[in-house]
Structures are given as C-alpha cells and as structure tokens.
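Peer 1: Dropping the sequence and predicted coords here.
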Amino acid sequence: MSFPSIKVLYIDDEENNLQAFKASFRRLYEIYTAISAADGLKILESVNIHVVIADQKMPNITGVEFFKSIAVTYPDPIRILLTGYTDIEALADAINHGDIYRYITKPWNDLELHNSIKNAYDAYRSKIDLRNKIAELEKTNDELNRFIYSISHELRAPLVSVIGIVNLVKMEDLYHSSGEYWSLIESCSNKLDYYIQKTLQYYKNNKTQSEESNIDFKALVTELINLYAYSNKDTQFDVDVDQPVPFKGDLFRIEVILGNLISNAIKYQKINEPNKKVNIEIAVSIEFVEIKITDNGVGILNEHLEKIFTQFFRSKNHHGSGLGLFIVKEALNKINGRISVKSNVDHGTTFKITIPNAK
Amino acid sequence: MPNELKKIMLIDDNEIDLKINARIITLTSLFDEIIICQSGEESLDYINKYIHNPEKLPDFILLDIQMPEMDGFEYLEHYKQLPSTFTSSCPVAMLSSTLDFGDIKRAEANVYVVKLLKKPLIPTELAELIK
C-alpha cells in the first residue's frame, strides 16, 4: 500500500536518521528531508507539505520551538515530534504550545511511525476539507441571501406598477366599471406586496449588522401609525410616550417590531366593534425602553399563545400570513429584546416588549 | 413657488411607471407640463441644452433610484455640479419602490433631495412637497 501523494518533511540534525527514514518510507510517501530547521523552512516555503516530523533535540532550535515558530505562517501541516529520550518537559511543552499531533520516541518503530503519518495525513485532509466546506457554505448562504433580497426587489417593482395602475383606475372613476374585478386585483396585489415586504424584512433582519442611532419614540410611533392606519381610519390610537432620556438602539429592527405589532393591532380588530381602540404606552429609561401595545380586538386563544411567534403559524379564522410575529421575535432576538403577551378572546391583546438602551 | 410651478421632469427607465406617473400628474393638474426622460443622461442633456433658457427648464424633478448605467444617486452627483441658479430653484424628490433602509437613509441624507417618495406615487404626497 503506498501513499505517494502524501508529502512528508522530516527535519533532523543527524544525517543517518534522515537516510534511515528515506530508506524505510521512500516508496510510501513523497519525502523531503532537512538537516536543520532553516533548511526545513525553505522546503515549507516551496512545497505544500502535509505532515512535518521534527527531531526534538537539534543544535540551534528544539523541535517544539520550531513548531511554535511556524504555527502562524504554516498552520496547516500536521506535526509529529520525534525524541530520543522521554523528556517530560518537552512533552508538556509540545502539548501546550506546539500544537503537536503525535509524540514518537526514537528509535522509531516503522509500523508505528507509518500509522502515525497516515493518521496525520487523514487529520490534514479533514482539516482542509472542513475549511473548504465552510467556505463553500458561506458562499452559497451569502448568494442565497443576496438572491432572495434582489429577487424580492425585482418582484416588487412591477407589482408596485400594478398598484399604481389600480390607483389611477380609482382616480379616473373606473374602479366600479367592471364589477368587482378591480377590487379583486387590488386585494391580490396588496397581499402579494405584503408577502414580499415580510420576506425582505426577514432577510434584512438576518443579514444586517446592528446599527445604533438615537430614537425618538414619539416621532417613530406617529409615523408608523400614519403608515399603517392609512387604509383603516376607524381605529382610535391613544399614544403615551414618556421619554425623559435619549434612547440609542437599532432603528431598523425597532421599526420592524413596532410596525408589525401596530399593523396587527389594526388588523385584528372586531369587525362590529364601534370603538376600535389601540393603546400604546412607551416608557424610556437609561437602562431600557418598555413598550405596551394594547388593543380591544379579537384576542388570541390561550392554546395559541405559545405558537404565535413560530414561523407560518396562523389561526384558522384569521387572515394572517404567519410571518409578522415570527419576524418580531427574530428581530428582538437580534437586539436582546424580550416580548410577552396577554390576551382575552373577544376582549383584546396586550403585547409588552422590553429593549435595552444602548446609550 | 405657488401658482408659478409649471414644469415637472420625470426620470425613470421604466416606461410603464413613466406613463402611470405622467397620467397621475395630468389628472391632478399639479403641473401643466411634464418633461419625460428615460435616463439620467437624457435629463442632464436636456438641462444642459436649455441651461440659458430658463423657461424650458423644469421646476421640479421626480427621480427614480434603480436605473441601469446611471442610477439615481449617481445622477445627483452630476446634478449638484449644475449651476446653482438652476439647482436652487428646482427641488428633487426621489421616487422608488425600494424598501432598502440603506437607500432610504442615503436619499434623506442628500441635501439636494427634498424627500424620498415611495412608488406608487400618491398625489397628495406630491402635492405636499410643492405647496
């Protein structure tokens, strides 16, 4: 059995040992020998060595010292230390500092050394394979992220044109000109847009590094309410912001979190409720912000409370996507926030979130 | 600018969006003339051609972000080198379907941009900017 592709470098100041090594193993591996550490280094520079064997006792440098010296420049080759006598100090040093794979005593036993070299080469291969696999995975993962991100953008542009056309149809008083067809197109387009937006939010939340800026909660909440209450004006908002100190945090994620909770509070109102209400209380302190969003909507069944934060969970009788609260939870995880929920079916729901102030 | 506001320039590579936005502006009579450009280059050529002919120049620009070759942000780099007599009297609003937080922040940070409007164009939002 031969392994000619295994490149072994053996460094020893005794020419006899180098010769003996060559004689025993030259048919098994591609062998390089060096009479000194400096010669060994030259070989490492020009050949992609898999396994390095070094004698511990050499005139200018010990084997362990040599291994230490190449730890950063040549981290890949697997190291085997050869020593003529059992030197406990060298052994301890080898284990602690030399990143050494095997410790073999001289005179070596051919079979033992052969097995060690084989195993060392296997270790070398798995190290390199693992590194390549990781690089490959990172690359595909990155490509997938970018793909989904750009496809969502590309999908959205023509969809937004469609929504623009529907708006024009309304402006030109043609909305009711074809039965309910225009309103059906509109609701399908809005639904599709909602999914695309949630997909983008999810991927951005996964990918984006946390970036901190000052947050004015009063302004942010007002803006979000205007945005989400745009198509549903009969919900009364009662907003109470107590922000005596500045708050630093991740604006993108906090916007995602509040946006989803506010739009849910509007979406899950009771259809026949004459007094649709959403109450938002925000208290900022130096340590954290506490936000309470309470609605008097349909509420959540007790047995569903556990599941509402999981991906694609939705209850049978409501028209959610099963993404909103999942994204809220994911975004909170990224910024060390917490969320809790209390709900009474038919009376409403309260979400309470706490987010640390980055100051 | 009230009542004197006459010409709007639309810059967008998407013909359908140009058509939609031109129609919206016509219906709302926010402007009485629309100059349509299918690229940033076309817009710069137009402005440079009429730079000494102010009655031909736009009073407002609606600029798309994602365009091939010269995108909206690159266009702004060229725009700011135009004579200030023109740029100071012609506000630019960006109009895009982007949800990219980076784009939004970048647009808002640019001194030449009065606002980033989201597609589809809502007439009241445009009216807000020119009153």
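Peer 2: Received it, and whenever you're ready, just let me know what you need.
Peer 1: And for stretch B:49-56, what's in contact with it?
Peer 2: With contact meaning C-beta atoms under 8 Å, 6 or more residues apart in numbering or on different chains, stretch B:49-56 is reached by B:57, B:82, B:83, B:86. Bear in mind the C-beta positions are built from the backbone N, C-alpha and C, glycine included.
Peer 1: Straight-line length of it, end to end?
Peer 2: Its first and final residues considered, stretch B:49-56 spans 10 Å by C-alpha to C-alpha, to the nearest Å.
Peer 1: And the strands in chain A?
Peer 2: Counting by DSSP state E, the segments of chain A that form strands are A:7-11, A:30-34, A:51-55, A:78-83, A:102-105, A:212-214, A:236-242, A:248-250, A:277-284, A:288-295, A:338-344, A:348-356.
Peer 1: Which one of the contacts of stretch B:49-56 is nearest to residue A:118?
Peer 2: Nearest to residue A:118 among those is residue B:82, at 72.7 Å by C-beta to C-beta.
Peer 1: which one is that closest one nearest to, not counting chain neighbours?
Peer 2: residue B:47 (6.3 Å; C-beta to C-beta, 6 or more residues apart in numbering or on different chains).
Peer 1: Residues of chain B that sit close to chain A?
Peer 2: Applying C-beta under 8 Å from any C-beta of the partner chain, one finds that chain B approaches chain A through B:14, B:16-17, B:20-21, B:23-24, B:27-28, B:66, B:97-101, B:119-123.
Peer 1: so how many other residues sit close to the residue nearest to residue B:82?
Peer 2: Neighbour count for residue B:47, taken as other C-beta atoms under 10 Å in any protein chain shown: 23.
Peer 1: Show the contacting residues for it.
Peer 2: B:57, B:58, B:82, B:86.
Peer 1: how does it look with 10 Å?
Peer 2: Each residue near residue B:47 by C-beta atoms under 10 Å, 6 or more residues apart in numbering or on different chains is listed here: B:9, B:35, B:37, B:56-58, B:61, B:78-79, B:82-83, B:86-87, B:90.
Peer 1: Would you list the phi and psi of it?
Peer 2: Backbone torsions of residue B:47, given as degrees, to the nearest 10, read phi -60, psi -40.
Peer 1: and the contacts of residue B:47, which are buried?
Peer 2: In the contacts of residue B:47, burial by neighbour count holds for B:9, B:35, B:37, B:57, B:58, B:61, B:79, B:82, B:87, B:90, counting by 16 or more other C-beta atoms under 10 Å in any protein chain shown.
Peer 1: all helices for the stretch 51-200 of chain A, in order.
Peer 2: In the stretch 51-200 of chain A, the helices defined using DSSP state H, counting those that start in this stretch lie at A:63-69, A:88-97, A:110-171, A:181-207.
Peer 1: So which of the ones you listed is nearest chain B?
Peer 2: Nearest to chain B among the helices of the stretch 51-200 of chain A is helix A:110-171; the distance by C-beta to the nearest C-beta comes to 3.3 Å.
Peer 1: what's the closest one packed up against?
Peer 2: Helix A:110-171 sits against strand A:7-11, helix A:15-25, strand A:51-55, strand A:78-83, strand A:102-105, helix A:181-207, helix B:15-28, with contacts defined as 3 or more C-beta pairs under 10 Å, 6 or more residues apart in numbering or on different chains; DSSP states H and E.
Peer 1: Quick one: the strands of chain A as CSV, columns for mean neighbour count too.
Peer 2: Shown next, in CSV, are those (neighbours: other C-beta atoms under 10 Å in any protein chain shown):
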stretch, mean neighbour count
strand A:7-11, 23
strand A:30-34, 18
strand A:51-55, 25
strand A:78-83, 23
strand A:102-105, 18
strand A:212-214, 12
strand A:236-242, 14
strand A:248-250, 20
strand A:277-284, 19
strand A:288-295, 20
strand A:338-344, 15
strand A:348-356, 19
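Peer 1: Flag the shaky bits of the chain, pLDDT-wise.
Peer 2: No chain was given, so I picked chain A. Applying pLDDT under 70 to chain A flags the ranges A:1-4, A:86, A:98, A:231, A:316-319.
Peer 1: hm, I was asking about chain B
Peer 2: For chain B, applying pLDDT under 70 flags the ranges B:1-5.
Peer 1: Look through it and state the residue closest to chain A.
Peer 2: Chain B approaches chain A most closely through residue B:120 (3.3 Å), counting by C-beta to the nearest C-beta.
Peer 1: just the helices in chain B please.
Peer 2: In chain B, the helices defined using DSSP state H lie at B:15-28, B:40-49, B:72-79, B:84-87, B:101-109, B:123-130.
Peer 1: Indicate which one of those is closest to residue A:136.
Peer 2: Closest to residue A:136 of these is helix B:101-109 (C-beta to C-beta; 27.8 Å).
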